[in-house]
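> sequence first, then the predicted structure, then my questions.
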Amino acid sequence: MASELTTNSYINHHLTNLKCGKTDAGWTCDPYAEMGFWSFHVDSLLWSVILGCVFLFVFKKATPKKGGENSAPKGLQNFAEMCIEFVEDNVQSMFGSIKNTLVAPLALTVFIWILLMNLMDLVPVDFIPVLAGHIAAAITDVSWIKEPDDLYFKVVPTTDPNITLGMAFAVFILTIYYSITVKGIKAFVAELTLHPFGKYLIPVNFVLEMVNFIAKPISLGLRLFGNLYAGEMIFILIALMLFFSSIWVGVLGFALHLIWALFHVLIVALQAFIFMALTIAYLAMAHETEEH
Amino acid sequence: MDINATLIAQAIVFTAFVAICWKFIYPPMLSMMHEREQRIAEGLEAAKKADDSLEEAKLMYDKELSKAKKEAAEIIEKANSRASQIVSNAKTKAEEEAEKIMTSANTTIESETNRAKEELRQQMSDIIIDTTKKILDEEISAKKHDDLLKKAAQDL
């Protein structure tokens, strides 16, 4: 199914996930098969799990064995402790005296994991997809992979809205859980219905508050997705410059790629931090018991 | 944009990773950091204490040193005065002794002189008596008398 390489097909190829799901004919990963909701972006999930494991592995390795020498930290341990102190500071500034042992580990996981996922953006755009395509073409004999180009393989999980919204909704459910357990169901419902217009306009209040309430996880997930998707898009466009016949356009493309990568490092870290900070902020709001 | 079951799968994976971090990664790391923090604080406290006691020891040392110096000076002073006292004592004694020796020597000289005088007197009277005897024996002439006297005078 590999057609002639055009600008459009190149961009599309980079923006399509490897999707597997159930069709009438059974489970398949054929990109042209029709699948409903019950399909999975295997590439996003794979990279997300790999990077999550990298995070857990690195931090487990950075913790010295129990009963061992607890002396001055070195190397990896220093890095891990720096991250933990950074997260603890942020949690402390928003939670203050409220005790919650889950928030700090949650924030650490969010920060490091999203940082790692965002960093995949800095791997040259064709590197892993082409490699994966060649491997897939060589070792599998399914009908829909004839040539390496037939395999779609996206490597940056945070450019997939399913991944960012999945995390945002997990955080959202936690917010609801803490709102109900800390404030009590009555206070929680009151918060959603008695503001801003008092008890005589409960339906209006509810609609307004509900929009506000639902907007939080959606904006949380879409902000991360949007920033990384745009960054990825620019990388793809810059990479396209290398296909022009002029060598000078190629050289310019190379320079632009370097500049954009340097700038993108900022976005990568900043978006990871923003996601973490908002996660902490939403959970802190769920713990606030006083009326506003 | 294609929203599908990936969202649910990611939410579950996310929950699992957070749970693992919450249960197995974060607490040991944090407790270790706290423990070290405490140990460092204790170490700093101990260092401060040691510093204080060093300061104290220095003060004590200075005090003892000045005390010892003072004592030494006192001892030297005492020794000096004692030495001068001994010297002066010895001088007095020596002077007294010398005086005594002089006195006894003078007494001896005097008594010796007296004895010699006595002896002389004795001898003179003997001579006089003798000479008188001789004069009386040999009839006294003026000339002889003179001669005799001269002879007696010469004998004296």
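Cool, the structure landed. Residues are numbered from 1 along each chain as shown, chains lettered A, B, ... in the order given.

> now stretch A:205-224: average pLDDT?
Across stretch A:205-224, pLDDT averages out at 92.

> looks to me like A:Phe37 is in a strand.
No - looking at A:Phe37 with DSSP: H, G, I helix; E, B strand; the rest coil, it is coil, so not inside a strand.

> nearest spatial neighbour of it, skipping sequence neighbours?
In space, and not counting its chain neighbours, A:Phe37 is closest to B:Asn4: 5.3 Å by Cβ to Cβ, 6 or more residues apart in numbering or on different chains. Backbone N, C-alpha and C define where each C-beta goes, glycine included.

> what residues does stretch A:50-66 touch?
The contact list for stretch A:50-66 (Cβ atoms under 8 Å, 6 or more residues apart in numbering or on different chains) reads A:70, A:76-77, A:79-81, A:108-109, A:112-113, A:116-117, A:120, A:157, B:13, B:17, B:20-21, B:24-25, B:28-29, B:32.

> may I see the buried residues of it?
A:Leu51, A:Gly52, A:Phe55, A:Leu56, A:Val58, A:Phe59, A:Ala62, A:Thr63, A:Pro64 (16 or more other Cβ atoms under 10 Å in any protein chain shown).

> next step: these restricted to helices.
Using DSSP state H, A:Leu51, A:Gly52, A:Phe55, A:Leu56, A:Val58, A:Phe59, A:Ala62 are the members of those that sit in helices.

> wait, which of the residues you listed is closest to B:Asp155?
Nearest to B:Asp155, judged by Cβ to Cβ, of these is A:Ala62 at 142.1 Å.

> check contacts around A:Trp261.
That one is not Trp; residue A:261 is Ala. Counting by Cβ under 8 Å, 6+ apart, A:Ala261 has contacts A:Leu122, A:Phe235.

> which positions in chain B make contact with chain A?
By Cβ under 8 Å from any Cβ of the partner chain, the residues of chain B that approach chain A are B:1-11, B:13-15, B:17-18, B:20-22, B:24-30, B:32-33, B:35-36, B:39.

> looking at chain A, which helix or strand is least sure?
When the helices and strands of chain A are scored by mean pLDDT, DSSP states H and E, strand A:26-28 comes last with a mean of 78.

> quick check, A:Pro31 in a strand?
No - A:Pro31 sits outside any strand when classified using three-state DSSP, being coil.

> before we move on, the earlier item: in the least confident helix or strand of chain A, which residues are buried?
So for strand A:26-28, counting by 16+ other Cβ under 10 Å, buried means A:Thr28.

> rewinding a little: residues contacting the residue nearest to A:Phe37?
Neighbours of B:Asn4 in contact, by Cβ under 8 Å, 6+ apart: A:Lys19, A:Gly21, A:Met35, A:Gly36, A:Phe37, A:Trp38, A:Ser39, A:Phe40, A:His41, A:Asn162.

> could you look up the SS state of it?
Going by three-state DSSP, the state assigned to B:Asn4 is coil.

> per-residue pLDDT, it?
87.

> repeat that for A:Glu291.
At A:Glu291, pLDDT is 52.

> do A:Glu4 as well
pLDDT, read off for A:Glu4, is 63.

> same question for A:Pro148.
77.

> over to B:Glu139?
pLDDT, B:Glu139: 64.

> tell me how far A:Pro157 lies from chain B.
8 Å (Cβ to the nearest Cβ, to the nearest Å).

> ok, A:Val155 touching A:His41?
No - using Cβ atoms under 8 Å, A:Val155 is not in contact with A:His41; the gap is 11.7 Å.

> so who does the residue in the stretch 101-250 of chain A positioned nearest to chain B touch?
As assessed by Cβ to the nearest Cβ, chain B sits closest to A:Gly166 within the stretch 101-250 of chain A, at 3.0 Å. A:Gly166 makes contact with A:Gly221, B:Thr6, B:Leu7, B:Ile8, B:Ala9, B:Gln10, B:Ala11, B:Val13, B:Phe14 under the criterion Cβ under 8 Å, 6+ apart.

> how about the last one, phi and psi?
B:Phe14 adopts backbone torsions of phi -60, psi -50, taken as degrees, to the nearest 10.

> what's the neighbour count on it?
Using other Cβ atoms under 10 Å in any protein chain shown, B:Phe14 has 23 neighbouring residues.

> pull out the buried residues from the contacts of B:Asn4.
A:Lys19, A:Gly21, A:Met35, A:Ser39, A:Phe40, A:His41, A:Asn162.

> can you flag which of the residues you listed belong to strands?
A:Lys19, A:Gly21, A:Ser39, A:Phe40, A:His41 (DSSP state E).

> give me the phi and psi for B:Met33.
phi -60, psi -40.

> wait, what's in contact with it?
A:Glu81, A:Ile84, A:Glu85.

> distance check, it against A:Thr63.
10 Å (Cβ to Cβ, to the nearest Å).

> got it, and B:Ala142?
From B:Ala142 to A:Thr63 the distance is 160 Å (Cβ to Cβ).

> next: A:Leu192.
41 Å.

> and for B:Gln123?
From B:Gln123 to A:Thr63 the distance is 136 Å (Cβ to Cβ).

> cool, B:Ile128 as well?
Distance from B:Ile128 to A:Thr63, by Cβ to Cβ: 145 Å.

> just B:Ser81 next, same as before
Distance from B:Ser81 to A:Thr63, by Cβ to Cβ: 78 Å.

> list only those of the residues of chain B next to chain A flagged as buried.
Buried among those by 16+ other Cβ under 10 Å: B:4-11, B:13-15, B:17-18, B:20-22, B:25-26, B:29-30, B:32-33, B:36.
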